[in-house]
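Chemist: fold the following for me, if possible:
(one chain, ligands or ions: 1)
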Amino acid sequence: MKLSINKQRLSGTIQVPSDKSISHRSIMFGSIAHGPTTIKNFLRGEDCLSTLAAFRSLGVAIEDDGETITVHGKGFESLKPSEQPIDVGNSGTTIRLISGILAGQDFTTELFGDASIAKRPMARVMTPLNQMKADCTGRDGSEYPPLTIKGNKNLQPLHYEMPVASAQVKSAILFAALQATGETVIIEKEKTRDHTEDMIRQFGGHVEVTGKEIRLQGPQTLTGQEVVVPGDISSAAFFLVAGLILPNSKIILENVGLNPTRTGIIDVIKQMGGKISIEEEGKNNKSGRITVETSQLKGIEIGGEIIPRLIDELPIIALMATQAEGKTVIRDAEELKVKETNRIDAVANELNRLGADITPTDDGLIIQGRTSLHGGNVTSYGDHRIGMMLQIAALLVKEGDVELEKAEAIAVSYPNFFADLEQLYGAGGN
Ligand code: S3P
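Modeler: Numbers count the residues shown, from 1 in each chain. Model (predicted):
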């Protein structure tokens, strides 16, 4: 696909798409709770639709009138074996979280996905779930999907120190712990997004969090709720950066989820000298309106505890750094290698093809600032976030075409991405 280039003066307001992490979990919690759960602003991206289809095939009645999704949950005990192996598409969140739910069932399920899923590491979920006495195995004795999850009605609680900082792994263990008898204790390597803990409480359950330690007493019975999904800061990130790096621009993003375990990019933008303002809304201050304007940015060092709070935003942060004064160093981000694609290599290869000066390292990237970008042929590697980052990069290109292979991956999390972008040129861009 030929990307738009040479845009200036992006201006206007965008309603960013709904949060992917919360949309997945709303279907899952709705399915394991008792009584109806209604979901408003569900993200109809391919990943979350994979989760919806997965729970339908486990026998959960889920209605969708195009606006509200209603999940008729009847508890963990009501799930039925799927007639077919379950296809998770491109979705790591679906395969990892559903494994925790299936671990406590008295039937066996096969889970498979696309070519990217077949390369995602799964030992990180299989090891703790097997310690809880489920029986999870990968393809030909490996850790890779297709996975076979043979559940166990008598799951054991677990005391687990996590070797990786991963909200997906933590969530899989919590879903299993809700079905086990006794106290499960999880110690996180770094604090990661806490939507699962939040939703356990929202659905009437109990979980205790003290710093990086999480305690949950099982089994628990949850009750259906009304869920309203806020906008996804990980999708907003592309337009936040566009507004900061394109000349004469000002972009307002409405209803962005502001859970503090997700807002690392805001801290980074402030530290780089970006003009950003946030008006918090809602009673629990977990969403708000963000305004960004063209800014003179400076390079910084990014590493340590902030990494899980901006892990999905690192590709677009790397692009931002190519336009900042001086060098930016990203470290402690080796998890990027096992996302939808190896995002360390993908960012360095593709942006360097357009004229950036980025060195990949074992755990991150070294980005030289103030590089001017030119045309070229690039690929998303089938990774939605790499695809969107490359379109924002193309907006900086003055001459030459930018041709993006595998642009269709963007529909995984942001089906209206190109339409929203066009709206910003329409409102004053060139
Ligand atoms: C997610 C957790 C993160 C993130 C992913 C969504 C979640 O993955 O990258 O996009 O919803 O729990 P990890 O748990 O692998 O860090």
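Chemist: quick one: the nearest residue to D135 once chain neighbours are set aside from P360, how far?
Modeler: The shortest distance from D135 to any residue other than its chain neighbours is 3.9 Å, reached at K150 (CB to CB, 6 or more residues apart in numbering). The way it works is simple: take the backbone N, C-alpha and C, and place the C-beta from them, glycine included. For K150, the distance to P360 equals 39 Å [CB to CB, to the nearest Å].
Chemist: swap in V88?
Modeler: From V88 to P360 the distance is 28 Å (CB to CB).
Chemist: who's more crowded, those two?
Modeler: With neighbours defined as other CB atoms under 10 Å, V88 and P360 compare such that V88 has more, 27 against 19.
Chemist: looking at this, I14 is in a strand?
Modeler: Yes: looking at I14 with DSSP: H, G, I helix; E, B strand; the rest coil, it is inside a strand.
Chemist: so what pLDDT did the closest residue to G89 other than its chain neighbours get?
Modeler: Take G89 and drop its neighbours on the chain: the residue closest to it by CB to CB, 6+ apart is S50, 4.2 Å away. We have a pLDDT of 98 for S50.
Chemist: tell me the SS of S50?
Modeler: S50 is classified as helix under three-state DSSP.
Chemist: I'd assumed L97 was in contact with it.
Modeler: No: here S50 lies out of contact with L97, judged by CB atoms under 8 Å, at a distance of 11.4 Å.
Chemist: and those two? Which one has more around it.
Modeler: L97 (28 against 25).
Chemist: host element of that one?
Modeler: Using DSSP states H and E, L97 falls within helix 92-102.
Chemist: end-to-end on stretch 271-289?
Modeler: Stretch 271-289 has an end-to-end distance of 20 Å (CA to CA, to the nearest Å).
Chemist: how close does the residue nearest to L3 when sequence neighbours are not counted sit to E110?
Modeler: Nearest-residue entry for L3: A394, 4.0 Å, with adjacent residues in sequence omitted and distances by CB to CB, 6+ apart. Between A394 and E110 the distance, using CB to CB, works out to 40 Å.
Chemist: ok, those two, which is more surrounded?
Modeler: A count of neighbours by other CB under 10 Å puts A394 above the other of A394 and E110, at 24 against 14.
Chemist: can the helix holding L97 be said to contact the ligand?
Modeler: Yes: under the criterion of CB under 6 Å from any ligand atom, the ligand is reached by helix 92-102 at T93.
Chemist: what segments of this protein are helices?
Modeler: With DSSP state H, the ranges of helices along the chain come out as 20-32, 46-57, 92-102, 123-131, 167-177, 195-202, 233-245, 264-271, 314-322, 343-353, 384-394, 417-426.
Chemist: how about JSON lines for those, with distance to T371 added?
Modeler: Conversion of the helices of the chain to JSON lines gives the following (distance: least, CB to CB, whole Å):
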{"stretch": "helix 20-32", "distance to T371": "31"}
{"stretch": "helix 46-57", "distance to T371": "32"}
{"stretch": "helix 92-102", "distance to T371": "31"}
{"stretch": "helix 123-131", "distance to T371": "36"}
{"stretch": "helix 167-177", "distance to T371": "33"}
{"stretch": "helix 195-202", "distance to T371": "36"}
{"stretch": "helix 233-245", "distance to T371": "12"}
{"stretch": "helix 264-271", "distance to T371": "19"}
{"stretch": "helix 314-322", "distance to T371": "5"}
{"stretch": "helix 343-353", "distance to T371": "9"}
{"stretch": "helix 384-394", "distance to T371": "11"}
{"stretch": "helix 417-426", "distance to T371": "22"}
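Chemist: so which of those gets nearest I290?
Modeler: Nearest of these to I290, taken as CB to CB: helix 233-245 at 6.6 Å.
Chemist: close to the ligand, is the closest one?
Modeler: No: against the ligand, helix 233-245 shows no contacts by CB under 6 Å from any ligand atom, the least distance being 7.0 Å.
Chemist: now the angle from that helix to helix 384-394?
Modeler: Helix 233-245 and helix 384-394 meet at an angle of 10 degrees, taking axes from the mean of the first three to the mean of the last three CA atoms, to 10 degrees as the criterion.
Chemist: for helix 233-245, packing partners?
Modeler: strand 250-257, helix 264-271, strand 275-281, strand 287-293, helix 314-322, helix 384-394, helix 417-426 (3 or more CB pairs under 8 Å, 6 or more residues apart in numbering; DSSP states H and E).
Chemist: then that helix to CSV, C-alphas only?
Modeler: Provided in CSV are the C-alpha atoms of helix 233-245 (Å, rounded to 0.1, in the frame of the first residue of the first chain):
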residue,chain,number,x,y,z
ILE,A,233,-3.5,5.0,25.0
SER,A,234,-1.5,2.6,22.9
SER,A,235,-3.5,3.6,19.8
ALA,A,236,-3.6,7.3,20.9
ALA,A,237,0.2,7.1,21.0
PHE,A,238,0.6,7.2,17.2
PHE,A,239,-1.3,10.6,17.0
LEU,A,240,0.3,11.9,20.1
VAL,A,241,3.7,11.5,18.4
ALA,A,242,2.4,12.8,15.0
GLY,A,243,1.2,16.0,16.7
LEU,A,244,4.6,16.5,18.4
ILE,A,245,6.9,15.9,15.4
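Chemist: my guess is N377 contacts R353, does it?
Modeler: Yes: look at N377 against R353 with CB under 8 Å: they come within range, at 7.3 Å.
Chemist: of those two, who's got more company?
Modeler: R353 (18 against 12).
Chemist: now that one, nearest residue through space, not along the chain?
Modeler: Spatial nearest neighbour of R353, excluding adjacent residues (CB to CB, 6+ apart): G376 at 4.6 Å.
Chemist: quick one, what contacts that neighbour?
Modeler: R353, L354, G355, G400, V402, E403 (CB atoms under 8 Å, 6 or more residues apart in numbering).
Chemist: low pLDDT regions in the chain?
Modeler: For the chain, the stretches with pLDDT under 70 are 282-285, 427-430.
Chemist: contact residues of it facing the ligand?
Modeler: Proximity of the chain to the ligand, by CB under 6 Å from any ligand atom, involves residues S21, T93, S166, A167, Q168, S171, R193, I311, D312, E335.
Chemist: does M1 touch A407 like I think?
Modeler: Yes: M1 is within contact range of A407, at 4.0 Å (criterion: CB under 8 Å).
Chemist: what's the neighbour count on E325?
Modeler: E325, neighbours per other CB under 10 Å, totals 12.
Chemist: nearest residue to it in space, please, no chain neighbours.
Modeler: Spatial nearest neighbour of E325, chain neighbours left out: K298 (4.8 Å); criterion: CB to CB, 6+ apart.
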